[in-house]
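K.L.:
sequence first, predicted model second:
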Amino acid sequence: MTYNSRLTSDGLIEKVRQTGRLDGMTFAAKYEPCKTFFQKLQSFFLPATLIIPKGPAKPNEANVGVTMSINFPGISSTGIAVDGPRDNNKISSFCTKTDASVLQMLDSETLEPIGLARQDVLHPELKGPLSGAHAKSDPETGDVYNFNLQFGGPQGTYRVFKVSASTGKTSILATLQHSSAYLHSLWLSENYVVLCIWNAYFKGGGLHILIKQNLVDSMEFNTSQPAKWVVIDKRPVDEGGQGVVATYESPPFFGFHSVNAYEESSKDGTKHIIADIPVYQSLEVLKSFYFDNILSDSPTAGQVQGRWGDALAPKYRRYRLPDIPSTPRRDARQATLEFELGRNDTPELPQLNWSVYTKKHRFVYGICDSGKSTFADSLLKLDVETLTVKRWCVHGQTAGEPVFIADPDSKEEDGGVLLSVVLDGVAGKSYLLVLDAKDLSEIGRAKVEGAIGFGFHGVHAKAHSAAEITRNPDY
């Protein structure tokens, strides 16, 4: 095994060293703004100045590394709009994404940043500064779905869009107005896109970002209105799509990572959407990720755990969106809660066997925070049929997101292995852990002579082939 890594924002770090300031917007970094309020107000509605500062920016002068995509349609390996299908027999492009509407293009072998692009290169209406870090890819077609959020006034403008894998064309599926919120992901079912606008609202419709210059300090958990679920036809309007077909409401919550959504029919032919997600009862979990709150030897870490307790840990929920209409309805109906699991049984950074994405699934894998550490303390396999879990947990070992790799010779949903980068907290070194996905027994491990920095998300691709990875649902 070989290991290669590269800091993809080293140009940004060097610019900060030289100038003594960090321009633009961050996720949670705290610093005093060095521009006047009115200068920032002037640039606020220009997404380029929020993520990539004014003037020419080098590819390594952006901080984008949250999720990764291979062969993202509609865009070249250096960030230029392109038409036509991709050759999925090879890795022709590799990009990183974040909650901003920007993509950083990397060399797939060296990880060298070679280009930057914003979503408006895909479609001129995608001009808002924010988007979902987790776009979704249709497992059958490879088409990519996401949203773009534009600030402006008390309500934001959400544009839900599709990028065709066969043509490279981007289509706006629906445009809707609602309070601006921090949405990290969305759902995809066989026929619909589901966008849930949960209760992580930006203060002042987003204007508070001007002062704080980061997202976390600009949000509030506002329970004055319900979470809003929007069901959207996956087809573009020129292909018979109907845009928004239904809306639903549920009690307020906050979430990061959608698990899966699938459609279910009653005996009378009525269609329902089932949607799974780990949820939080407040936004304190965001602040718990500050360094002082996450280091095991920090004096504040224990205080944070004691003060916020279970609010820091997710609970796995299944929602039902009943009676999806065949023609659009304007009235909002109620989403129903099917079940909820406690923190000890809830996997975060959830992963599935891709073959069941947009279909009824049984097994979900992820990390778990059961309260034994200041960070994740175990890996879980959740069986959503029996509501039971299997667990991998070793004292002092902190596992990262498990990546499921299916056994090509197995027809079982849990036939395969899990890969997880684990930090041995005692030795101060990391290793790649390989587990049997059926029982979480260890198959093997590959050690490195040092600690690998924690990222939240990963991707697996066969050498010299992208044929499977381009169907990765969590794009």
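P.N.:
Happy to help now that I have it. Everything numeric here is computed off the predicted structure, so don't read it as measured data.

K.L.:
what residues of stretch 256-274 count as buried?
P.N.:
Neighbour counts over stretch 256-274 (16 or more other CB atoms under 10 Å) mark Phe256, His257, Ser258, Val259, Asn260, Ala261, Tyr262, Glu263, Lys271, Ile273, Ile274 as buried. Using the backbone N, CA and C atoms, a C-beta is placed for each residue, glycine as well.

K.L.:
can you list the low-confidence ranges for the stretch 51-200 of the chain?
P.N.:
51-56 (pLDDT under 70).

K.L.:
now the residue nearest the centre of the chain: how far from Gly428?
P.N.:
By CA atoms, centre = their mean, the chain has its centre lying nearest to His134, at 3.3 Å. Distance, His134 to Gly428, using CB to CB, to the nearest Å: 31 Å.

K.L.:
now, the most widely separated pair of the buried residues of stretch 256-274?
P.N.:
Of all pairs drawn from the buried residues of stretch 256-274, the greatest distance, 27.4 Å, lies between Phe256 and Lys271 (CB to CB).

K.L.:
just the CA trace of stretch 282-301, in CSV.
P.N.:
Below are the C-alpha coordinates for stretch 282-301, written out as CSV (Å, rounded to 0.1, in the frame of the first residue of the first chain):
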residue,chain,number,x,y,z
SER,A,282,-30.1,22.0,18.3
LEU,A,283,-27.0,23.6,16.6
GLU,A,284,-24.7,23.0,19.5
VAL,A,285,-23.0,20.2,17.7
LEU,A,286,-21.5,22.7,15.3
LYS,A,287,-19.8,24.6,18.1
SER,A,288,-18.6,21.3,19.6
PHE,A,289,-16.2,20.9,16.7
TYR,A,290,-14.0,23.9,17.7
PHE,A,291,-10.5,22.6,18.5
ASP,A,292,-10.7,23.4,22.2
ASN,A,293,-13.9,21.4,22.5
ILE,A,294,-12.6,18.3,20.6
LEU,A,295,-9.1,17.8,22.0
SER,A,296,-9.2,15.1,24.7
ASP,A,297,-6.7,16.9,26.9
SER,A,298,-8.5,20.3,26.6
PRO,A,299,-10.0,21.6,29.9
THR,A,300,-13.1,22.8,28.0
ALA,A,301,-13.8,19.5,26.3
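
K.L.:
so what touches it?
P.N.:
Stretch 282-301 has contacts (CB atoms under 8 Å, 6 or more residues apart in numbering) with 28, 200, 216, 219-221, 254, 304, 308, 311-314, 373-375, 425.

K.L.:
just give me how far it sits from the chain centre.
P.N.:
21 Å (CA atoms, centre = their mean, to the nearest Å).

K.L.:
what residues of that stretch count as buried?
P.N.:
Applying 16+ other CB under 10 Å to stretch 282-301 flags Ser282, Leu283, Glu284, Val285, Leu286, Ser288, Tyr290, Asn293, Ile294, Ala301 as buried.

K.L.:
got a list of what the residue of the chain most remote from its centre touches?
P.N.:
Distance from the C-alpha centroid of the chain peaks at Asp268, with 35.6 Å (CA atoms, centre = their mean). By CB under 8 Å, 6+ apart, the contact set of Asp268 is empty.

K.L.:
do you know how far it is from Ser326?
P.N.:
Distance from Asp268 to Ser326, by CB to CB: 13 Å.
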